[in-house]
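Peer 1: quick one, fold the following:
(one chain, ligands or ions: 1)
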Amino acid sequence: MDHFLYRDGVLHAEDVAVPEIASAVGTPFYCYSAATLTRHYTVFDAALRGMDHLICYAMKANSNIAVLKLLGDLGAGMDVVSGGEYRRAIAAGVSPSKIVFSGVGKTREEMELALTGGIRQFNVESEPEMRLLNEVALELGKVAPITVRVNPDVDAKTHAKIATGKSENKFGIPIAKAREVYAEAAAMDGIEVVGIDVHIGSQLVDLEPFRLAYEKVAELTGVLRADGHTIKRLDLGGGLGIPYAHGNQAPPTPEDYGQIIRETVGHLGCEIEIEPGRLMAGNAGILVSSVIYNKEGDGRNFLIVDAAMNDLIRPAMYEAHHDIIPVIEPAAGAEKRPIDIVGPVCESGDTFAKQRDMTAIADGEMIAFRSAGAYGAVMSSEYNTRPMIPEVLVKDDQFAVIRRRPTFDEMINRDTLPEWM
Ligand code: LLP
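Peer 2: Coordinates of the predicted model:
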């Protein structure tokens, strides 16, 4: 069910007309739909029915605390990858007993923060990390619950920058080394083994890599149990892809994915954790932008809009496709022409789409980038001293600003002049 639809020729977010939000906050802005976030959580929850499970939302995808609170209130736990994310999850009221801590470079300070505040488990990614965690836990008189993230050497068949499960990637320990690492863990007084973790990549549109990885995890579970370890939890990571281009073949659903989980690890009697990020938030958000100029180039036309690569970096960084639609619905049968949609930032990489077929959109009119709820606002920057854009959450016929646009003074006053200047 799509909650970003035209009504009487105007794009709506749930029951709110997008131009109404634009009048209140100005463009560009991100707009999220509470109903969509809720639906995505519910669909995942249903897909794992019959298995003891916890959905740990990978909050790196969209970490606004209003989004976290909405998901947390539905029952979600959180997958955090930094002390900052841990603090956000706590600020959103998520119980530490539902927070898992992932990431290849956890620092001593982050370990102390989570051990003191409480944590469900650390997903340990290397031996040096495990040794430091043991040391920190002992110093604090605590025991750190851990899984070890194994790298199953599976090709996720996704963009190279977001594949994580091949042996050449920096993530996890080689699965062949797992017995050795678990034996070392078992001998540490500050460490308690609770399970196994795996995550092979993001935007997977094929279920086979998941199946291969989870089969390897199932086999490892048997081996480690035979070695005497307690494997009561399997963290199966995130990564299920979403449809970015309307009309293209849709990727597998959470239901299909749940079935793979059931078939591969369902018989092991483990508690299942998953860490979806993109699927929860991606299609729950749009980025709304105004056209500044229609510019005619040499054999090429440009739509210069007020959003830029600093607001949504995915096209520049991953050659990612986002559907782009006019906020005012074009007349049926209106002619489309190929056009480049670009931002105002001073580099050619600031291009959202090349030769995209679009109906005419006049200067001052608005467009919306779809599927922008995940890895949009969180990856934005102030490049070109452009303020981070507001985030708005819609629920039925209400909307609220959940992060306001900073003032230029706030941005500039973070800089300080050295005394000697
Ligand atoms: N768990 C771990 C350990 C992860 O590293 C990630 C994503 C996830 C879960 C969530 O994956 P998801 O369900 O969202 O696919 N910025 C990139 C995506 C980076 C993903 C990084 N890790 C993009 O815009 O496509």
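Peer 1: only C-alpha atoms for contact and neighbour calcs from this point on.
Peer 2: OK.
Peer 1: check what pLDDT the spatially most central residue of the chain gets.
Peer 2: For the chain, the residue sitting closest to the mean C-alpha position, by Cα atoms, centre = their mean, is residue 61 at 2.1 Å. For residue 61, the pLDDT comes out at 98.
Peer 1: same question, residue 247
Peer 2: 74.
Peer 1: ok so it is a helix residue?
Peer 2: No. Counting by DSSP: H, G, I helix; E, B strand; the rest coil, residue 247 is not part of a helix but coil.
Peer 1: for it, grab the count of nearby residues.
Peer 2: 7 (other Cα atoms under 10 Å).
Peer 1: next, it: phi, psi?
Peer 2: phi 90, psi -20 (degrees, to the nearest 10).
Peer 1: let's number from 193 now, not from 1
Peer 2: All right, first residue 193 from here; so that's residue 439.
Peer 1: residue contacts, it?
Peer 2: Applying Cα atoms under 8 Å, 6 or more residues apart in numbering to residue 439 gives no contacts.
Peer 1: do you know how far it is from the ligand?
Peer 2: According to Cα to the nearest ligand atom, to the nearest Å, residue 439 stands 20 Å off from the ligand.
Peer 1: hmm, back to that, the residue nearest to the centre of the chain and residue 579, how far apart?
Peer 2: 20 Å (Cα to Cα, to the nearest Å).
Peer 1: same question, residue 295
Peer 2: 29 Å.
Peer 1: got the contact list for residue 339?
Peer 2: 313, 314, 315, 316, 385, 386, 387, 388, 389 are the contacts of residue 339 under Cα under 8 Å, 6+ apart.
Peer 1: now the element after the helix or strand where it lies, going C-ward?
Peer 2: Applying DSSP states H and E as the criterion places residue 339 in strand 336-343. Toward the C-terminus, strand 336-343 is succeeded by strand 365-366 as the next helix or strand (DSSP H and E).
Peer 1: what about that next one and the ligand, any contact?
Peer 2: No. Strand 365-366 stays out of contact with the ligand when judged by Cα under 6 Å from any ligand atom, the minimum separation being 13.2 Å.
Peer 1: the strand holding residue 339: partners in the sheet, and parallel or antiparallel?
Peer 2: strand 313-316 (parallel), strand 365-366 (parallel), strand 383-389 (parallel) (DSSP bridges).
Peer 1: hey, least reliable of those strands by pLDDT?
Peer 2: Looking across those, the weakest by mean pLDDT turns out to be strand 365-366, at a mean of 95.
Peer 1: could I get the buried residue list for the helix or strand following that strand?
Peer 2: Stepping forward along the backbone from strand 365-366, the first helix or strand reached (DSSP H and E) is helix 370-378. Of the residues in helix 370-378, 370, 373, 374, 377 count as buried by neighbour count, 16 or more other Cα atoms under 10 Å.
Peer 1: stretch 507-520 too?
Peer 2: For stretch 507-520, using 16+ other Cα under 10 Å, the buried residues are 507, 508, 513, 514, 515, 516, 517, 518, 519, 520.
Peer 1: what about that stretch, average pLDDT?
Peer 2: Rounded mean pLDDT across stretch 507-520 is 97.
Peer 1: for it, what is the distance to the chain centroid?
Peer 2: 17 Å (Cα atoms, centre = their mean, to the nearest Å).
Peer 1: could you do stretch 385-394 as well?
Peer 2: The chain centroid and the centroid of stretch 385-394 are separated by 17 Å under Cα atoms, centre = their mean.
Peer 1: the buried residues of stretch 507-520 in helices, which ones?
Peer 2: Applying DSSP state H to the buried residues of stretch 507-520, the entries found in helices are 507, 508.
Peer 1: is the ligand contacted by the strand holding residue 339?
Peer 2: No. Strand 336-343 is not in contact with the ligand by Cα under 6 Å from any ligand atom; minimum separation 8.8 Å.
Peer 1: got the angle for that strand vs helix 370-378?
Peer 2: Compare the direction of strand 336-343 with that of helix 370-378 by axes from the mean of the first three to the mean of the last three Cα atoms, to 10 degrees and you get 170 degrees.
Peer 1: which positions within strand 336-343 qualify as buried?
Peer 2: Quick answer for strand 336-343 (16+ other Cα under 10 Å): 336, 337, 338, 339, 340, 341, 342, 343.
Peer 1: CA atoms of it as PDB?
Peer 2: Output in PDB follows, covering the C-alpha atoms of strand 336-343 (Å, rounded to 0.1, in the frame of the first residue of the first chain):
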ATOM      1  CA  ALA A 336      29.600  -8.700  27.900                       C
ATOM      2  CA  PRO A 337      27.100 -10.800  26.000                       C
ATOM      3  CA  ILE A 338      28.400 -11.400  22.500                       C
ATOM      4  CA  THR A 339      27.800 -13.000  19.100                       C
ATOM      5  CA  VAL A 340      30.700 -13.200  16.700                       C
ATOM      6  CA  ARG A 341      30.000 -11.900  13.300                       C
ATOM      7  CA  VAL A 342      31.100 -14.500  10.800                       C
ATOM      8  CA  ASN A 343      31.900 -13.700   7.200                       C
END
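Peer 1: give me the mean pLDDT for it.
Peer 2: Here the average pLDDT along strand 336-343 is 97.
Peer 1: which of the strands paired with strand 336-343 has the highest mean neighbour count?
Peer 2: strand 313-316 (a mean of 27; mean count of other Cα atoms under 10 Å).
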